[in-house]
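*Asks:* Sequence plus the predicted model coming up.
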Amino acid sequence: MALTGLDIFKITPKTNCKDCGNPTCMAFAMKVAQGAIPLDKCPHISDEVRAKLDEATAPPMKTIKIGAGENEHTLGGETVLYRHDKTFVSKSLYAVAVSDGYSDEQNETAFADIAKIDYERIGERMRVDAIFVDYASDSAKFLDLVKRANDMDRALIISCSDADIAEKALEIAGAGKPVLSGANASNFEAMNALASKHGIVLGVTGADLNELHDTVEKLEKAGNKNLVLDVTMGNIKDTFAATVQVRRASIKDGDRTFGYPSIVNTARIAAGDRDMQSALASLFTVKYGSVIVMEGMRYADALPLYGLRQNIFTNPQKPMKVEPGIYALNGADENSVCALTVDFALTYFVVSGEIERSGVPVNLLITDAGGYSVLTAWAAGKLSASSIAKFFQEADIEGKIKNRTLIIPGKVAVLKGEIEDKLPGWKIIPSPPEAIQLVKYLRELDV
Amino acid sequence: MAFVQKPQVYKSAINTVELGVSDNKITLGGATVSPLYSFDAPIANAPKVGVEITDLGLEGEPKGIVDYYGDCKTIGEQAKKAAAMPGADFVCLRFVGAEPGEGDRSVEECVKIAKEVSEAIDIPLVIAGCKSSQKDAQIFEKIAEALSGKNVLFLSAKEENYKTVGASVGLAYSQKVGAESSVDINLAKQLNVLLTQLGVAKENIIMNLGSAAAGYGFEYVASTIDRVKQAALAQNDAMLQMPVVTPIASETWVVKEALASEEDMPEWGCQEQRGIEMEIVTAAACLACGSDAVILKHPASVATISAMVAALM
Ligand code: B12
Ligand code: SF4
């Protein structure tokens, strides 16, 4: 919670000694409140008071790091409940579950899924971020799964409330800084000792929010603030209620005890129903799931979920744009055909991807359309015959390219005539509306 | 110390809007809490799921959909099966073929199809138009007349045609008007103001705030719905308290994830499954933000999304 200048003034000695370089303590306090200077510029505020203030000004939700090296991820650190209020900062992680309680076949499929999902979307590598290794009852089988998961080059979440077995799991996988999840009202002391020993994040569970709150308080009292909260309850409704209330309590109501990232296990509340798990993963991506656990991850699930996540976690203050200019694809040269689109990063990514897939050399011309999609830009007047003509002039397209055929996006085929008027000598050909149709279209194009 | 629960119940509510008649009615809206937050207070009416069919029948539809409708020969038979789809709360008939560039189906024919569908189903009907606002105004007027008394929702009245659509659908035939704006809270509000100034009662208006598939500019859709719901509930903005209906199927089945064949993208696996998950993920995200109804088309998505809503109430 932000402190006011007055709050800070109250803790200064109010002597106006000027040692901080400010004329008065009040002036000093105002500047600190604005974030212009740090509190320790005043040498007369005691460490104790400063520590208290740090606590009061700390963000409502802790930032927690899990995993190690390439597989380190940041969770939490959120400051708002709605992305339009500022931005969400730590994207939800998708974790796939394996367990000694599952059939061998299910575990094998899960491991195969994890290995398989790996692609890029607008500059972001999309993979299964973490593996959730769940202990049911067969410790030998469980430890075997921990070993295999540990070899898969992902962050791990070891879910096990038996401290003795958890200890063995950590002997195998502790170096990768997994989350140890499963601390509860009855075992938290042993689990805490184990997590501290390995310097890893501890996951806390509870039968309900009261119990969870209690256990977190006890762990904090014992000095552990490196926590995540497994908010999975007995069913879908209670889990959603818990996830939202934990986040709301921390961000809106200043409840520091709940100021930690969450784990939501859809594999538990919708076991066996993969479509429902996709639906819930979507729900919890929008509403406050920090780690979302699923029984598997097919491309069919990954494509929409990772796309959704990329959207929800972009900063609303920063539109995703690419630089206008000529992008020579598939070894295009001055004699290759031209295709035109806008500078919205998503559009560029989609269109360039399809052109690359076609293998046909194309000069992709990116016009300055204010970072808008084709139809948005067109509706806003930022993609028009005049804007295209202006771009051609400024980028000296005619000087740089000899080919005189220009493919325009199918969604603005209506512009054909006007562009022809503005760009004499060019043959303007409208294309299909969707980029995916470009591959066939370009291969069959006869120019 | 125990956790102090602080339920957040607003003094304002989302308007309730009824679709359909007598015992086949459904009600949209009525919530006094944030979307799906039934733990704060009971939600009067659960969000609804509609099933979309088009005037083009089953042409080009994925196998699971064709299989579901089986040997339906007429649009009426298809509509009847759509209404019987497990999880369906209403049927949405979309006139893709009315579009001048897509066959330019005549107004008379559209009316005939709408009547056939309306007579075949025992749940409420939503009529959706094509890409041409001008054509929509023409077909909506005649369909509203032919189905008068049925309490049908029309998608949509837009900036370009709200006067004609509002006057015919809303005023002359007292049907429900869908106000469609382009992912912008101010535009949404302005259109509601214009429609109410025209004389359409706010109980007869729903909003379509715009829609996009997950990954395709969806953040704007999410934030627009978020902001509209906050304005409606926390700021008691009467011009934004209309329930929100979001068409999903028409956005999600045309993106690459759903369209790319298995030959083209072998590593992506089953094409139909990709379309289903795209529909499910997009619909769930819209409901999380605050849509009071979503419109889908695949039986698997309809079953999953309606089950998710039921589990959350
Ligand atoms: C997100 C969004 C916005 C965002 C902008 C996001 C952005 N950076 O562009 C915001 C909220 C700012 C916005 C604003 C507006 N929007 Co807007 N917006 C959308 C929305 C929901 C998604 C757009 C998107 O991201 N598409 C994804 C990208 C990838 O699509 P794309 O660029 O078209 O690319 C595809 C194809 O065109 C093709 N392609 C692209 N280039 C090329 C090139 C070649 C050669 C080929 C073959 C293919 C190809 O490939 C892609 C995939 O197939 C759409 C509705 C929808 N679902 O599409 C409305 C939409 C585009 N917006 C619309 C409107 C009217 C507006 C506004 C004018 C509203 C207003 N009156 O203020 C404003 C304009 C901005 C302003 N105020 O100045 C309308 C346009 C109507 C029309 N048919 O002309 C739409 C269709 C909504 C609607 N149904 O009314 N919008
Ligand atoms: S150094 Fe401290 S005590 Fe001295 S004027 Fe600055 S704030 Fe006041």
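*Replies:* Cool, got the structure. Ligands and ions are numbered 1, 2, ... in the order given.
*Asks:* so who does residue 242 touch?
*Replies:* All of this refers to chain A. A:208-209, A:212, A:231-233 (C-beta atoms under 8 Å, 6 or more residues apart in numbering or on different chains). Where C-beta positions appear, they are placed from N, C-alpha and C, glycine not excepted.
*Asks:* That was the other one, I meant chain B.
*Replies:* Neighbours of B:Met242 in contact, by C-beta under 8 Å, 6+ apart: B:14-15, B:17, B:29, B:179, B:192, B:202, B:205-207.
*Asks:* Run through the neighbouring helices and strands of the longest helix seen in chain B.
*Replies:* The helix that spans the most residues within chain B, counting by DSSP state H, is helix B:271-289. The elements that helix B:271-289 packs onto, with contact taken as 3 or more C-beta pairs under 8 Å, 6 or more residues apart in numbering or on different chains; DSSP states H and E, are helix A:274-286, helix A:299-312, helix B:63-69, helix B:218-233, helix B:249-252, helix B:256-259, strand B:293-296, helix B:299-312.
*Asks:* possible to save the ones you listed as JSON lines with mean neighbour count, distance to A:Ile263 and mean pLDDT?
*Replies:* JSON lines is the format used below for those (neighbours: other C-beta atoms under 10 Å in any protein chain shown; distance: least, C-beta to C-beta, whole Å; pLDDT from 0 to 100):
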{"stretch": "helix A:274-286", "mean neighbour count": "26", "distance to A:Ile263": "10", "mean pLDDT": "98"}
{"stretch": "helix A:299-312", "mean neighbour count": "25", "distance to A:Ile263": "16", "mean pLDDT": "98"}
{"stretch": "helix B:63-69", "mean neighbour count": "16", "distance to A:Ile263": "33", "mean pLDDT": "96"}
{"stretch": "helix B:218-233", "mean neighbour count": "23", "distance to A:Ile263": "23", "mean pLDDT": "97"}
{"stretch": "helix B:249-252", "mean neighbour count": "25", "distance to A:Ile263": "29", "mean pLDDT": "96"}
{"stretch": "helix B:256-259", "mean neighbour count": "22", "distance to A:Ile263": "27", "mean pLDDT": "94"}
{"stretch": "strand B:293-296", "mean neighbour count": "29", "distance to A:Ile263": "28", "mean pLDDT": "98"}
{"stretch": "helix B:299-312", "mean neighbour count": "23", "distance to A:Ile263": "19", "mean pLDDT": "98"}
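*Asks:* So which bits of the stretch 151-300 of chain B are right by ligand 1?
*Replies:* B:182-184, B:187, B:210-212, B:216-217, B:220-221, B:251 (C-beta under 6 Å from any ligand atom).
*Asks:* buried subset of these?
*Replies:* For these, a burial check counting by 16 or more other C-beta atoms under 10 Å in any protein chain shown picks out B:182-183, B:187, B:210-212, B:216-217, B:220-221, B:251.
*Asks:* on that earlier part again, just flag the most distant two among the residues of the stretch 151-300 of chain B next to ligand 1.
*Replies:* B:Leu187 and B:Tyr216 (19.5 Å; C-beta to C-beta).
*Asks:* A:Ala190 - nearest residue in space that isn't next to it in sequence?
*Replies:* A:Ala163 (3.8 Å; C-beta to C-beta, 6 or more residues apart in numbering or on different chains).
*Asks:* and what of A:Arg357?
*Replies:* A:Val439 (5.3 Å).
*Asks:* does that neighbour sit in a helix, a strand or a coil?
*Replies:* helix (DSSP: H, G, I helix; E, B strand; the rest coil).
*Asks:* What segments of chain B are strands?
*Replies:* Applying DSSP state E to chain B gives strands spanning B:17-19, B:26-28, B:48-54, B:90-94, B:125-128, B:153-157, B:176-180, B:205-208, B:245-247, B:293-296.
*Asks:* no, scratch that, I was asking about the stretch 101-250 of chain A
*Replies:* Applying DSSP state E, counting those that start in this stretch to the stretch 101-250 of chain A gives strands spanning A:118-121, A:124-127, A:130-134, A:155-159, A:179-183, A:202-204, A:227-230.
*Asks:* Please convert those strands to TSV, extending it with mean pLDDT, distance to A:Glu434 and mean neighbour count.
*Replies:* As requested, the strands of the stretch 101-250 of chain A are exported to TSV (pLDDT from 0 to 100; distance: least, C-beta to C-beta, whole Å; neighbours: other C-beta atoms under 10 Å in any protein chain shown):
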stretch	mean pLDDT	distance to A:Glu434	mean neighbour count
strand A:118-121	94	17	14
strand A:124-127	95	21	14
strand A:130-134	98	34	26
strand A:155-159	98	36	28
strand A:179-183	98	41	28
strand A:202-204	98	43	27
strand A:227-230	98	41	26
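*Asks:* Looking at those, which is nearest to ligand 1?
*Replies:* strand A:118-121 (11.9 Å; C-beta to the nearest ligand atom).
*Asks:* Taking the stretch 51-200 of chain A, what residue is nearest to chain B?
*Replies:* A:His84 (4.3 Å; C-beta to the nearest C-beta).
*Asks:* what's around that residue, how many residues?
*Replies:* For A:His84, the neighbour count with other C-beta atoms under 10 Å in any protein chain shown is 16.
*Asks:* helices or strands up against the helix or strand of chain B with the lowest mean pLDDT?
*Replies:* Least confident helix or strand, chain B: helix B:256-259 with a mean of 94, by mean pLDDT, DSSP states H and E. Contacts defined by 3+ C-beta pairs under 8 Å, 6+ apart place helix B:256-259 against helix A:299-312, helix B:271-289.
*Asks:* follow-up on the earlier one: want to try JSON lines for the helices and strands packed on helix B:271-289, with distance to ligand 2 as columns?
*Replies:* As requested, those are exported to JSON lines (distance: least, C-beta to the nearest ligand atom, whole Å):
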{"stretch": "helix A:274-286", "distance to ligand 2": "45"}
{"stretch": "helix A:299-312", "distance to ligand 2": "43"}
{"stretch": "helix B:63-69", "distance to ligand 2": "71"}
{"stretch": "helix B:218-233", "distance to ligand 2": "40"}
{"stretch": "helix B:249-252", "distance to ligand 2": "58"}
{"stretch": "helix B:256-259", "distance to ligand 2": "59"}
{"stretch": "strand B:293-296", "distance to ligand 2": "57"}
{"stretch": "helix B:299-312", "distance to ligand 2": "53"}
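*Asks:* Any stretches of chain A with poor pLDDT?
*Replies:* A:1-2, A:447 (pLDDT under 70).
*Asks:* Pull up the residues of it that are close to ligand 1.
*Replies:* Checking chain A against ligand 1 by C-beta under 6 Å from any ligand atom, the hits are A:319, A:339, A:341-342, A:344, A:346-347, A:350-351, A:371-376, A:378-380, A:407, A:409-411, A:431-432, A:434-435, A:438.
*Asks:* Show me which of the residues you listed are buried.
*Replies:* Buried among those (16+ other C-beta under 10 Å): A:339, A:341-342, A:344, A:346-347, A:350-351, A:371-374, A:376, A:378, A:407, A:409-411, A:431, A:434-435, A:438.
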